[in-house]
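Student: Sharing a model that was predicted from the sequence below.
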Amino acid sequence: MEIITLTKDNLEKEHICCAISNNKDCQVAPKKQWLSKRFDDGLVFKKCDVRGKCFIEYIPAEKAWSPIEADGYMYINCLWVSGQFKGQGYANLLLNECIKDSKEKVKKGLVILSSKKKLPFLSDPKFLRYKGFVLADTAEPTYELLYLPFEEKALKPRFKDHVRTPEIIEGFVLYYTNQCPFTAKYVPLIENVAKQKGIEFKSIRFETTEQAQNVSAPFTTYSLFYKGEFLTNEILSVKRFEKILTEKGL
């Protein structure tokens, strides 16, 4: 299986696995713009030469859009192999590519955000532990920071202290980035629902690494809170958001 590495030179002609469409699609364009800027920070996006979700995306941890302390590590933003490609060794292939590349760049190891149980848009903790990842730190409600050290005495990664003291803001607060292409389509949809219903709703899109690293939400790609309570990191459709509103009596 051929592995394709995205670069600024081939970014426009290659699909990005998640949203397979033309570059003018509201989902594709913001993601590719985000990728293009991150390449300068050392981001790597490798994908199998198939038409579907089969890729790994990683970046030096110092530049990760996540509130972590993991100097010298490589942070995996996303490792996604969709159902039709599972069981064919692609996840192993992609992870091994990341390990090889990271060792060549003299990194201390890999670090990735996961959870106690499998959650949408987070890598499967069962698979990661099978591959040798171990627990580095935890954050409420179910987040786990897992790491795979290349050195025996490598310093253990951790969440930044402010992750443990979430900010309390009235109403709904949504933190998100264009790291995931789906936010470009679905965030405006639920913003419109909240506006129509007169519900207090604030969406905050991170534009810089510093902004993403200094928030209390471990998953900066998409995290929805209500009165300071974390609700979900799943990118919501209108129907799913309306169900949450009903549950909250709104």
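Tutor: Ah, there it is.

Student: count of residues packed around residue 239?
Tutor: 8 (other Cβ atoms under 10 Å). The way it works is simple: take the backbone N, C-alpha and C, and place the C-beta from them, glycine included.

Student: Okay, it and residue 55: tell me how far apart.
Tutor: Distance of residue 239 to residue 55, computed by Cβ to Cβ, to the nearest Å: 28 Å.

Student: ok but residue 113 is inside a helix, no?
Tutor: No - counting by DSSP: H, G, I helix; E, B strand; the rest coil, one finds residue 113 to be strand, located in no helix.

Student: ok, it touching residue 220?
Tutor: No - using Cβ atoms under 8 Å, residue 113 is not in contact with residue 220; the gap is 9.6 Å.

Student: okay, and the common contacts of these two?
Tutor: Shared contacts of residue 113 and residue 220 (Cβ atoms under 8 Å, 6 or more residues apart in numbering): residue 66.

Student: Distance check, residue 138 against residue 163.
Tutor: Applying Cβ to Cβ, the value for residue 138 to residue 163 is 10 Å.

Student: Which of these two has more residues huddled nearby?
Tutor: When residue 138 is set against residue 163 and neighbours are counted by other Cβ under 10 Å, the residue ahead is residue 163, at 21 against 17.

Student: show me the residues around the more buried one that make contact.
Tutor: For residue 163, the contacting residues are 67, 139, 216, 217, 218, taking Cβ under 8 Å, 6+ apart as the criterion.

Student: how close does the last one get to residue 166?
Tutor: So the one you mean is residue 218. Relative to residue 166, residue 218 is positioned 10 Å away (Cβ to Cβ).

Student: Next: the first one.
Tutor: From residue 67 over to residue 166 the distance is 11 Å, taken as Cβ to Cβ.

Student: And the two? Which one has more around it.
Tutor: Looking at residue 67 and residue 166 with other Cβ under 10 Å, you find the greater number of neighbours at residue 67, namely 20 against 17.

Student: hang on, isn't the more buried one packed against residue 161?
Tutor: No - with contacts defined as Cβ under 8 Å, residue 67 does not count as touching residue 161, sitting 9.1 Å away.

Student: For residue 195, what are phi and psi?
Tutor: As for residue 195, its main-chain torsions (degrees, to the nearest 10) stand at phi -60, psi -40.
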